[in-house]
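In: okay, sequence plus prediction incoming.
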Amino acid sequence: MNYVYLIQDTINKNIYIGFSTNLKERLKKHNINSVKSTKNKGKWELVYCEIYKSEKDARIRELALKKQGRQKEFLLNNLKNSLIK
């Protein structure tokens with residue numbers, strides 16, 4: 001399976017959107033500082049994920065959330081009670 005996920009730093013409240021074929025391992029890597037884009041930025045917690053059969057569909061969705069402000073804004077608005085404030 002292919003996952004598009006949203007994690008949040010529990011200390012600084014930063015949000016990161018990513019893609020993985022192994023979500024459990026990827027979250028572990030974020031938390032042991034072996035992912036360049038989230039390194040030394042705190043403890044990461046999974047807030048949301050979407051599961052896709054197709055890697056291409058997952059990659060397209062990840063890019064849309066990262067690049068298209070309206071889609072990210074819509075998602076964050078729907079998760080407002082799940083995010084750390």
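Out: Looks like it came in fine. These figures come from a predicted structure and were not determined experimentally.
In: how about the helices in the protein?
Out: Secondary structure of the chain by DSSP state H: the helices cover 23-31, 55-67, 69-78.
In: now do the last one: everything it contacts.
Out: Residues outside helix 69-78 that contact it (Cβ atoms under 8 Å, 6 or more residues apart in numbering) are 6, 15, 17, 48, 64, 65, 66, 83. The C-beta positions use only the backbone N, C-alpha and C, and glycine is treated the same way.
In: and those, which two are furthest apart?
Out: 64 and 83 (19.5 Å; Cβ to Cβ).
In: wait, residue 26 sits on residue 18?
Out: Yes: in this structure, residue 26 is within contact of residue 18 by Cβ atoms under 8 Å, at 6.9 Å.
In: mutual contacts of those two, please.
Out: Between them, residue 26 and residue 18 share these contacting residues under Cβ under 8 Å, 6+ apart: residue 5.
In: hmm, back to that, neighbour count for the contacts of helix 69-78 - can I get that in JSON lines?
Out: Formatted as JSON lines, the contacts of helix 69-78 follow (neighbours: other Cβ atoms under 10 Å):
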{"residue": "6", "neighbour count": "20"}
{"residue": "15", "neighbour count": "18"}
{"residue": "17", "neighbour count": "17"}
{"residue": "48", "neighbour count": "17"}
{"residue": "64", "neighbour count": "15"}
{"residue": "65", "neighbour count": "21"}
{"residue": "66", "neighbour count": "15"}
{"residue": "83", "neighbour count": "14"}
